[in-house]
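Student: The following block contains a protein sequence and its predicted model.
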Amino acid sequence: MSGFTFTIDGAEISAEEGQTIMEAADAAGVYIPRLCDHEGLRHQGGCRVCTVKANGRSASSCTEPAAPGLAVESETPHINKLRRDLVEMLFHEGNHLCPICEASGNCELQAMAYRLDMTEPTKFPYLEPCRAVDASHPDIALDTNRCISCGRCIRASQDVDGKGIFGYVGRGIHRHVAVNAPALSDTDATVADFAISPEVCPVGCIIRKRQGFERPIGEREFDKAVIGAEIERKRDE
Amino acid sequence: MSAAAPVDLGEVAAISARYGDDAGRMLDILRDTQEAFRWISPEAMGLIAERTGLSRVAVDGVASFYAFLSRHPKGRITIRLCDDIVDRFAGLEAVTRTFEEELGIRVGETSADGAVSLETTPCIGLCDQAPAAMINDVVVTRLDAKRVREIVHGLKAGLSPEDLISERFADLSPYERATHMVDNNIRHAGQVLLGPVPEDAGLKAALDLRPGQIIDTLEASGLRGCGGAGFPTGRKWRFAAEAQGDRRFVMCNADEGEPGTFKDRVLLTERPDLVIEGMTIAARAVGAAEGIIYLRGEYAYLQPLIEETLARRRADGRLGKAILGVEGFDFDIRLQMGAGAYICGEEGAMISSCEGLPGEPKTRPPYPVTHGYLGCPTIVDNVETLCHAARILDKGSAWFHAIGEAGSHGTKLFSVSGDCLNPGVYELPYGLKLSELLEMVGGEGAAAVLVGGPSGTMVARDTFDRRLTFDDLATGGAVVVFGPERNILEIVEYYISFFVHESCGYCTPCRVGNVFLQRAIAKFRAGLANPEDIDYLRDLSSTIIETSRCGLGMTSPNPILSTLENFPLVYSAMVKPSGDGLRATFDIQSAIDDARKLAHRRSHIFDRDFTQ
Ligand SMILES: Cc1cc2nc3c(=O)[nH]c(=O)nc-3n(C[C@H](O)[C@H](O)[C@H](O)COP(=O)(O)O)c2cc1C
Ligand code: SF4
Ligand code: SF4
Ligand code: SF4
Ligand code: FES
C-alpha cells in the first residue's frame, strides 16, 4: 500500500490508499463530527454530519476517499453551521425530551449538539412522530420515536451478529427502522448482540431493560468529555 | 379490506421460481406478485424472503419503497390519477370529483367489493394531453367529467381497461395499442431524431470501426447526455471501456420522471429500434454483452412494444450472438420495469433498483463507469442520448457538431406543456431563445416558464430572451408554460411536495429538510409568513443543497430559489411583520389546534374571534 499526504484545515495528514478522509483523520487525531458512521461497521453516508469541503466540493468524509494533495476544510464556521442544521433537523424529526431520556449523557446526538454549539432556540418545526414502543422482548425495549435513521443497528445485526434483526422500511420521510418480525420478541435478538450493545445505537432507541440509570446522569460518557475527545487526545500524544 | 383476493402461496412460489429465486430480481418478483394478487401479503413476503434467502424485513424494505407495490389489498383495477400541476390546471379537480362520485369511494380508498382502488400519482409523462390517468397498465388521456362517466360505466359493466381503449384491442399491434392510447404530438421534427431515419445505418457503420474509433467519433461530435446532467457521452463510454471488469453493462435510462418531461415516451413509441441500435453501438464501444432498459412503471403500456422490438431484433440477428454476423459480438437486453419511484431515474438508484434493492442512490465515488450494476463497469444513458449516438455513427461527427452551437451541439427534444396552444414534442437545435420556442408553441402570453422541470429554473417574462443551451437554460427536455392567471406559490408548493414524496429518505437534509421547506411554503400561502421567513427559506435551501447525498436533494430547493430570484414580489406580497413578537416560523394557531379540539373550546388569548 502506498502512503501519501493531504491536508485538513491546512494541517498535513498522512493516509493510505483506500482510506476515507475520516479514517485518515481519525488516525491523525483530527476529529470530524459524525453520527451514522461507527468503527467496525460499513459506511452508510446518510446523516451527512461529517460533511466537509474537499477541494471546495461538499462531500461526506466517511465515504469520500482520501487522495494525494486533497485540500479538505472541516472546522470552518460555515461547515459547522451546516452540521448544526443537520443535527437540528434530526432533533426535530423525532421526539427528543432529553431530561426524561435514558440515553441523556451517553447520547451522541445530544453530545453533538453541545459540541456544535446548538445553544439558541431552534427554528424548525417539530414533526412529532407517533410510533408504538416495542417492549415485547424480556430484556430489550425499542423506541424509534428517537431514531435518527443512522442504520448502525441494521449493519451491526446484519454484518457483525449475522442476524438481520433490523431493516429500513418505507421511503422518504416515512422511512424508518423496523424489526424482522411482528415484534422484537419474535426475533432471536439477545442483549449479548453487538447490535443491542450500548455503543451501537447513538441515541436512546435501543434500551436494555433493568439497566437504566445504573450510572447516574452527570457521570456519563459525555458529561465528562466532549464527543470526539477520544480521537483528539491522540493528537496531543 | 374484506374482498382481498386469497393469496395462493403456490403461485407466489412459482413467481419467485420464474426469476430463479434470485434476490437480485426482487423488483420483478414483487411486481408480478402485486399484479397477481393486487397486494403483497405478509405471507407472500415471508415466502419470498425464504426462497430468495433474504430477511423478511429486507423484502419489506423493497416492497414499501415503490409506490406501485402495496402491502394492503388493492382493487382488481387501480385507477391512478396523474396529479401533476399541469393536470391540476387542466381540470383534475372535476375529474377527481367525478371518479369519486361515480365509484362511491374517495381518493386513497378501495371499494368494499375489492373491485376498484382510486389513487393519485405524480406526473405520468402525459402533460401534453392532461388530465390523464392510469387504469392498471392502460392509460387514458384528455379526461373530463363525461369521459370519466363513460369509463366508470364501462368498468362497472364488466369491460376490462383494455376494452375501454378499443373493442378490438386484442387484434391491435403493440404499436397500434400505444398510439390508440396516447398521441405522440410531434409538433416539430428535426433532422436528427424525428425526421426520416434509415434503419440500423449507424450500427452498420459502427461495425466497420474499432471500438475506440466509435468513441472517438462520439467525442468529436460534442454529444452531451440528454437526461439532465449533460455529461459528455463519448468520455463516459471511454471511462467504461477502460475500466477493469469481466462483465460490462449498457443501461438505457427510460425512467423519464422529471415532471413535465415526455420526450422519451415519444422516442420509445416512434423510434424503439433506434434506441436499441444506440445501445448496441454502445455495447460494441465499451465491450458489453448485456444491457438493461429501465422503463418506468408508468410507461407499462409501452412494455409490449419494446418487448416486441427486442424479440424482432433477436430473431433477425441484430441482438444475441454474433450480431449482424460479426463473430464475437454478442449483446442482449432485458427490460426492467420500474414501479413508481422518481429517484430511480438517478443512475445509482436505477442500478440499485435493477439489483432488486430499494431505489436508493449509490455512494459516489465509485462511479457506475467503474463500479455499476453488480459492481461491474456500466454506462447509463438517457433514451435520447442513445438515439443521437446511433445517428452520429451514421451521419458522422462533423454533421452533428455543426448543428447547434459551441458547447451545445446537435438537436434537443423539448417536451412542452401547460398554458400554450400546441403542447407536444419539438426537436430543435440547441441555442434557441426561450421566446422563440414560446412563439412556436403558442405560449407568448406566458408569465412564467419552468425550464428543466422542478429541478430546473423558473423563468420570468423579463428574461424570456435566455437561451436553451447547456450554458444558459440547461434542460433534460421539460418546458412547462404558466399563464398569468396561475399562482406561482401554488406551483412552488406543488413541486416541493413532489420532492418530499419522491425523496428516498437515505440522507438527513433531503429527507427532513424538504419537509421543512414544504411547511414553510404552506405558511406563505396561508399568509402567515414573516419577513424573516424569506431568509429562512434561503438558508435552509442552501443547507439542503450543500449536504445532500444525490442530485435530488441538490436540486430540490430550486423551485423556491429560482422563484425567490425571479419572482421576488410573489413572496414579499405574502409576508407581514409579526405584531405580537412571536417567533418566526411558529404557527400558534396550528400549534394549539389539538388542545383546542381536546378541550372543546377556543383559546381566550389566541382566538381573536373568541367573543363571537
Ligand atoms: C433525481 C434524479 C432523477 C433523474 N431522472 C432521470 C430520468 O428520468 N431520465 C434520465 O435520463 N436521467 C435522469 N437523471 C440523470 C441520471 O442520473 C443520469 O445522469 C443520466 O441517466 C445519464 O444519461 P445521459 O448522460 O445520457 O444524460 C436523474 C438524476 C437525478 C439526480
Ligand atoms: S435520544 Fe439523545 S437527544 Fe434524544 S432525547 Fe435522548 S438524550 Fe436527548
Ligand atoms: S434505532 Fe438507533 S441505531 Fe438503529 S437506526 Fe435508529 S438511531 Fe440508529
Ligand atoms: S438526496 Fe434525497 S434522494 Fe438523494 S440520497 Fe439523499 S434522501 Fe435520497
Ligand atoms: S458520518 Fe458520514 S454521513 Fe453520517
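Tutor: In hand now; what should we look at? Numbering: from 1, shown residues only, chains lettered A, B, ... in the order given. Ligands and ions are numbered 1, 2, ... in the order given.

Student: what's near enough to touch the residue lying closest to B:Thr463 once chain neighbours are set aside?
Tutor: Computed as Cβ to Cβ, 6 or more residues apart in numbering or on different chains, the closest residue to B:Thr463 that is not its neighbour in sequence is B:Asn566, at 7.1 Å. All C-beta spots, glycine's among them, are computed from the backbone N, C-alpha and C. By Cβ atoms under 8 Å, 6 or more residues apart in numbering or on different chains, B:Asn566 lies in contact with B:448, B:457-460, B:463.

Student: do you know how far B:Asn566 is from ligand 1?
Tutor: When distance is defined by Cβ to the nearest ligand atom, to the nearest Å, B:Asn566 is 23 Å away from ligand 1.

Student: and what of B:Ala406?
Tutor: 19 Å.

Student: What is the neighbour count of that residue?
Tutor: Per other Cβ atoms under 10 Å in any protein chain shown, the neighbour tally for B:Ala406 reads 11.

Student: Also B:Met554?
Tutor: Residues lying near B:Met554 (other Cβ under 10 Å) number 18.

Student: residues from chain A in reach of ligand 5?
Tutor: Residues of chain A lying near ligand 5 by Cβ under 6 Å from any ligand atom: A:34-37, A:45-50, A:60, A:62.

Student: Among those residues, which lie within strands?
Tutor: Counting by DSSP state E, the part of the residues of chain A next to ligand 5 found in strands is A:Ser60.

Student: Could you dump the residues of chain A next to ligand 5 into TSV with distance to chain B and pLDDT added?
Tutor: Formatted as TSV, the residues of chain A next to ligand 5 follow (distance: Cβ to the nearest Cβ, whole Å; pLDDT from 0 to 100):
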residue	distance to chain B	pLDDT
A:Arg34	12	98
A:Leu35	9	98
A:Cys36	9	98
A:Asp37	12	98
A:Gly45	5	98
A:Gly46	5	98
A:Cys47	5	98
A:Arg48	4	98
A:Val49	8	98
A:Cys50	10	98
A:Ser60	7	98
A:Cys62	10	98
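
Student: out of the residues of chain A next to ligand 5, which are buried?
Tutor: With burial judged by 16 or more other Cβ atoms under 10 Å in any protein chain shown, the buried subset of these is A:34-37, A:45-50, A:60, A:62.

Student: Return the member of those residues nearest to B:Phe499.
Tutor: Among those, A:Arg48 lies closest to B:Phe499 (Cβ to Cβ), at 16.6 Å.

Student: Please report the distance of the residue nearest in space to the middle of chain A from B:Val500.
Tutor: In chain A, the centroid-proximal residue (Cα atoms, centre = their mean) is A:Leu35; its distance is 2.0 Å. Going from A:Leu35 to B:Val500 by Cβ to Cβ, to the nearest Å gives 22 Å.

Student: re earlier: does the residue nearest to the centre of chain A touch A:Gln110 like I think?
Tutor: No - proximity of A:Leu35 to A:Gln110 does not meet the contact threshold set by Cβ atoms under 8 Å, at 11.2 Å.

Student: any idea how far stretch A:69-80 is from the chain center?
Tutor: In terms of Cα atoms, centre = their mean, to the nearest Å, the centre of stretch A:69-80 is set 20 Å apart from its chain centre.

Student: Just give me the neighbour total for residue 175.
Tutor: Picked chain A for this. So A:Arg175, with other Cβ under 10 Å, has 21 neighbours.

Student: Wait, chain B was what I had in mind.
Tutor: For B:Tyr175, the number of neighbouring residues by other Cβ under 10 Å comes to 16.

Student: Please name the residues that touch it.
Tutor: Neighbouring residues of B:Tyr175 by Cβ under 8 Å, 6+ apart: B:269, B:305.

Student: Is it correct that it falls within a strand?
Tutor: No - according to DSSP: H, G, I helix; E, B strand; the rest coil, B:Tyr175 belongs to no strand; its state is helix.

Student: Tell me how far it lies from ligand 4.
Tutor: 35 Å.

Student: Next: B:Ala241.
Tutor: Counting by Cβ to the nearest ligand atom, the separation of B:Ala241 from ligand 4 is 28 Å.

Student: which bits of the stretch 501-612 of chain B sit near ligand 4?
Tutor: Counting by Cβ under 6 Å from any ligand atom, the residues of the stretch 501-612 of chain B close to ligand 4 are B:503-507, B:510-511, B:548-550, B:552-553.

Student: right, and out of the buried ones among the residues of chain A next to ligand 5, which lies closest to ligand 2?
Tutor: Taking Cβ to the nearest ligand atom as the measure, ligand 2 lies nearest A:Leu35 of those, at 10.9 Å.

Student: tell me the contacts of the residue nearest to the closest one when sequence neighbours are not counted?
Tutor: Spatially, and ignoring its direct neighbours in sequence, A:Leu35 is nearest to A:Cys47 (4.2 Å; Cβ to Cβ, 6+ apart). In this structure, A:Cys47 makes contact with A:34-37, A:86, A:90, A:148-150, B:507-508, judged by Cβ under 8 Å, 6+ apart.

Student: Of all the residues in the helix ranked longest in chain A, which ones are buried?
Tutor: Identified as the longest helix of chain A according to DSSP state H is helix A:77-93. Using 16+ other Cβ under 10 Å as the test for burial, helix A:77-93 gives A:79-93.

Student: For the helix or strand following it, name the packing helices and strands.
Tutor: Where DSSP states H and E defines the elements, the next helix or strand beyond helix A:77-93 is helix A:108-115. Secondary-structure packing of helix A:108-115 (3 or more Cβ pairs under 8 Å, 6 or more residues apart in numbering or on different chains; DSSP states H and E): helix A:77-93, helix A:221-224.

Student: Helices of chain A, start to end?
Tutor: Using DSSP H, helices in chain A cover A:21-27, A:77-93, A:108-115, A:152-155, A:221-224, A:229-236.

Student: Other residues contacting the fifth one?
Tutor: Outside of helix A:221-224, the residues that reach it under the criterion Cβ under 8 Å, 6+ apart are A:105-108, A:110-111, A:114, A:217.

Student: what's the neighbour count on whichever residue of the stretch 151-300 of chain B sits closest to ligand 4?
Tutor: Nearest to ligand 4 in the stretch 151-300 of chain B, going by Cβ to the nearest ligand atom, is B:Gly257, at a distance of 11.9 Å. As a burial measure, B:Gly257 scores 24 neighbours (other Cβ under 10 Å).

Student: That one: what's its closest spatial neighbour, skipping adjacent residues?
Tutor: Excluding the flanking residues, the one nearest B:Gly257 by Cβ to Cβ, 6+ apart is B:Tyr342, at 3.9 Å.

Student: what do you get for B:Ala460?
Tutor: Sequence neighbours aside, B:Asn566 is the residue nearest to B:Ala460 in space, at 4.2 Å (criterion: Cβ to Cβ, 6+ apart).

Student: for the one you found, phi and psi?
Tutor: B:Asn566 adopts backbone torsions of phi -100, psi -20, taken as degrees, to the nearest 10.

Student: quick one: it and B:Ala529, what's the gap?
Tutor: Distance from B:Asn566 to B:Ala529, counting by Cβ to Cβ: 19 Å.

Student: Cool, thanks, signing off.
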